[in-house]
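**Q** Sequence and predicted structure are below.
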Amino acid sequence: MDPLSDATAGLTTGLLPRMLQLRTLLNRGQLYEQATEAAGIALDRPAMTILVILDAAGHPLRVGEIATRMQVVGPHVTRHLNSLEKRAIIKRVPDPDDQRARLITLTSSGQRLVDRYTTVVDGWFEAALAQWPDRDRTELMRLLARLTADLTTQFDAVASGAVPAEDDN
């Protein structure tokens, strides 16, 4: 194996433990629970996830797209959407490309909720990265976006059978 391959193997071998450590930190630190409490929001995690997804998209989404982004099945999302709609946090609007279909969008009330939540979370991340140079912050965002996109592509290919999963042989 050449030195570049050795270096890459070491990097990717160390990646999983770091990703697991980050996941544990975010869950153990109860990011969601603390953020909703600080923002004065009484929504469960899946409901807030839907709001964040809609906000990040910047445009209305179909139920299936929300489910895909949450990595859950459509009926799971629909149950939460029904509850959010009853509370006037989201609304269904006609799909301009298919009048039979509906898209999901935030109401002004829903937008205010997600803004309060993301302001709290963004503040925590900004404080954690306060000593980082701007170029490092920019690079972190770029690399996280790239890693997420590439992992999504890889996992989708494995799930579809287009790429065989690595075996232990």
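**A** Arrived safely.
**Q** what about the protein, any weak spots by pLDDT?
**A** 1-12, 29, 164-169 (pLDDT under 70).
**Q** so where do the strands sit in it?
**A** For the chain, the strands defined by DSSP state E cover 90-95, 98-106.
**Q** so what secondary structure elements neighbour the shortest one?
**A** Strand 90-95 sits against helix 45-57, helix 74-86, strand 98-106, with contacts defined as 3 or more C-beta pairs under 8 Å, 6 or more residues apart in numbering; DSSP states H and E. For the C-beta atoms, the positions are set from N, CA and C on the backbone; glycine is no exception.
**Q** Can you tell me what sits against the second one?
**A** Applying C-beta atoms under 8 Å, 6 or more residues apart in numbering, the contact partners of helix 74-86 are 44, 46-47, 50-51, 63-64, 66-67, 70, 90-92, 104, 110.
**Q** Nearest to residue 150 among the residues you listed?
**A** residue 70 (19.6 Å; C-beta to C-beta).
**Q** how close does the closest one sit to residue 37?
**A** 22 Å (C-beta to C-beta, to the nearest Å).
**Q** domain ranges for the chain?
**A** Domain ranges of the chain: 20-128, 132-161, per automatic domain parsing.
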